[in-house]
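Colleague: build me a model:
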Amino acid sequence: MPVINGYQGSYLCDPDNSNKKCADPLTAATSKSNVMSSFNYQMDAISANSGLPLAAYTDYLRYQVEWVTGSQGYVRWLVEGIPIFEIPAESMENPPQDSKNSNPKKVMIEEPMYIIFNVALSTSWGSKPPNPGKPCKGDGKNAATNKICDEFPMYMKIDYIRLYQDTSKGSNMTIGCNPATHPTKKWIEGHIEEYQDAKNLIVDVVGGAPCKTDDDCTVSTVAAAAIVTGQCKRGVCSCLSSGAWGGPRCTLAVSDTAAAKGFGPSIELASIFAAIAVALFLFVMYKIVIARRNKKMLESMTVPKSAARFDVEIDDVAQSRSAPNPDDKLI
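Modeller: Okay, here's the model as predicted:
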C-alpha cells in the first residue's frame with residue numbers, strides 16, 4: 001500500500017522574483033534575466049509513494065488512473081487492476097475544518113490536462129538518487145550505491161497507452177480533447193506563446209509511425225471509398241507529397257491556415273473530404289440497389305424450361321387428336 005509523504009507542493013516563482021517565499025529569491029546583487037513574465041504562487045499537492053514488485057523491472061505492468069469529475073468523483077491509481085491510492089472529491093470540496101474554518105475548500109479538478117509518462121527522481125518525493133549533484137558513486141566505497149549507479153541510465157519501456165471515456169447513458173463526462181465546456185483548441189491558439197518558444201517550437205509530425213502495410217498509414221481502406229493518404233515504406237509510414245495529410249499515420253488533415261497550424265483540419269478541407277466520402281457511399285448504395293432490382297426483374301420474367309416444354313407437348317397432342325395431319329410430328 002502507498003505511504004503518504006510530506007510533499008505538499010511548492011512555492012513557485014520566476015527566476016527574477018525576489019519574494020522571500022521563493023526557494024531561491026533574486027537578490028540585489030543579481031541582475032534580472034527577463035526570461036519570462038513575473039509570477040509567484042503556492043502550488044498545492046497531495047502525494048504518496050508506492051513500491052513496485054520485482055516484476056516491474058522484468059516485465060510489463062498495467063498502470064491505470066481513473067479520473068471522475070464532479071462532487072461524487074475521485075482520482076484513483078491502480079497497478080495491475082488493484083487500487084493503491086485514491087483522492088475522493090469529498091476530501092477536496094469539504095475538507096476537515098478547525099474552529100476558524102481555515103482549511104480552504106477546493107473544486108474537483110476538471111480541466112483538460114496532459115498525461116506525461118516519464119522516469120524521474122526527486123528529494124521531494126521521499127527518495128533521492130545517490131549523491132545528488134555529485135558523481136553518482138561518490139568515493140566508490142559503498143557497494144549498495146555502486147550497484148544502483150551501475151544500473152543508470154534506466155529506461156521506461158511502454159507497450160501501449162489507452163484512453164477510455166465514459167459514453168454510457170447518464171455519464172457527465174465530456175467526450176474528446178476539446179470539450180465545449182473547456183475549449184482547449186481555442187485556448188491554445190489564443191495563447192500559442194505559452195506552448196512554444198524559440199528553442200521549443202511546435203513541430204507538425206508527418207509520418208514516422210511503424211507499419212506493416214499501406215492500410216496502417218491511410219484514412220480509409222474501403223474499396224468503394226478509398227482515401228489514400230500515406231504509404232508504408234520500409235516499415236515506416238510516409239505521407240503523400242501533397243502535404244494535405246500529416247500525423248504519425250497520415251490520418252490528420254493539415255490545416256491550411258497559419259493561425260490553426262498543427263491543430264487539425266480547416267472546416268473547408270474537412271467538408272470537401274466528407275462530401276467526397278458521402279457521395280461515393282451514396283453512389284455505391286445506388287449501384288447495389290439497381291443491381292438487386294434488375295436481378296428480381298429477370299427472375300420474374302424467366303419461365304422454367306421444363307414447364308415450357310410440357311405446355312408445348314400438351315398443345316401438340318391436343319391439336320393432333322382434333323385435326324390429324326400427316327405432316328404432324330411428335331416432339
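Colleague: contacts and neighbour counts: CA atoms only from here.
Modeller: Noted.
Colleague: give me the low-pLDDT residue ranges for the stretch 151-300 of the chain?
Modeller: Along the stretch 151-300 of the chain, segments meeting pLDDT under 70 span 220-226, 255-270.
Colleague: what do you get if the cut-off is 50, keeping everything else the same?
Modeller: 256-263 (pLDDT under 50).
Colleague: residue ranges for the helices of it, please.
Modeller: Ranges of helices within the stretch 151-300 of the chain are 184-190, 267-301, based on DSSP state H, counting those that start in this stretch.
Colleague: winner for burial among these?
Modeller: When you average the neighbours per residue for each of these (mean count of other CA atoms under 10 Å), helix 184-190 leads with a mean of 14.
Colleague: roughly how far out does that helix sit from the chain middle?
Modeller: Centroid displacement of helix 184-190 relative to its chain, using CA atoms, centre = their mean, to the nearest Å, is 18 Å.
Colleague: picking that back up, can you list the helices of the stretch 151-300 of the chain in CSV and add distance to Pro96?
Modeller: Listed next are those as CSV, based on distance: least, CA to CA, whole Å:
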stretch, distance to Pro96
helix 184-190, 34
helix 267-301, 50
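Colleague: quick one, which of those helices gets closest to Arg62.
Modeller: Across those, Arg62 has its closest neighbour in helix 184-190 (28.7 Å, CA to CA).
Colleague: nearest spatial neighbour of Gln64, skipping sequence neighbours?
Modeller: Distances taken as CA to CA, 6 or more residues apart in numbering place Leu78 nearest to Gln64, at 5.0 Å, with adjacent residues excluded.
Colleague: what is the neighbour count of the one you found?
Modeller: 15 (other CA atoms under 10 Å).
Colleague: thought it was touching Leu52?
Modeller: No: Leu78 is beyond contact range of Leu52, at 11.6 Å (criterion: CA atoms under 8 Å).
Colleague: where exactly do the strands run in the stretch 1-150 of the chain?
Modeller: Along the stretch 1-150 of the chain, counting by DSSP state E, counting those that start in this stretch, strands occupy 3-4, 9-13, 40-44, 48-49, 63-68, 74-79, 82-88.
Colleague: how about residues contacting the second one?
Modeller: Strand 9-13 is contacted from outside by 21-23, 38-46, using CA atoms under 8 Å, 6 or more residues apart in numbering.
Colleague: dump the residue contacts of the residue nearest to Gln64.
Modeller: Contacts of Leu78 (CA under 8 Å, 6+ apart): 63-65, 84-85.
Colleague: make TSV from the residues you listed and add neighbour count, pLDDT and distance to Ala291 to it.
Modeller: TSV is the format used below for the contacts of Leu78 (neighbours: other CA atoms under 10 Å; pLDDT from 0 to 100; distance: CA to CA, whole Å):
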residue	neighbour count	pLDDT	distance to Ala291
Tyr63	12	93	53
Gln64	17	94	52
Val65	15	92	52
Ile84	15	91	61
Phe85	19	91	61
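Colleague: out of those residues, who's nearest Lys169?
Modeller: Distances from Lys169 to those, taken by CA to CA, are shortest for Val65, at 21.8 Å.
Colleague: which one is the closest one nearest to, not counting chain neighbours?
Modeller: That would be Trp77: by CA to CA, 6+ apart, it lies 4.7 Å from Val65.
Colleague: any idea how far that neighbour lies from Glu86?
Modeller: 6 Å (CA to CA, to the nearest Å).
Colleague: same thing with Asn17?
Modeller: Shown here: Asn17 relative to Glu86, a distance of 35 Å by CA to CA.
Colleague: tell me the gap between stretch 85-95 and the middle of its chain.
Modeller: With CA atoms, centre = their mean as the basis, the mean position of stretch 85-95 lies at 27 Å from the chain mean.
Colleague: buried stuff in it?
Modeller: Buried positions in stretch 85-95, judged by neighbour count with 16 or more other CA atoms under 10 Å: 85, 88-90, 92.
Colleague: same question, stretch 242-258
Modeller: 244-256.
Colleague: now do that stretch: distance to the chain's middle.
Modeller: Remark: stretch 242-258 is offset 17 Å from the chain centroid, using CA atoms, centre = their mean.
Colleague: ditto for stretch 137-157
Modeller: 36 Å.
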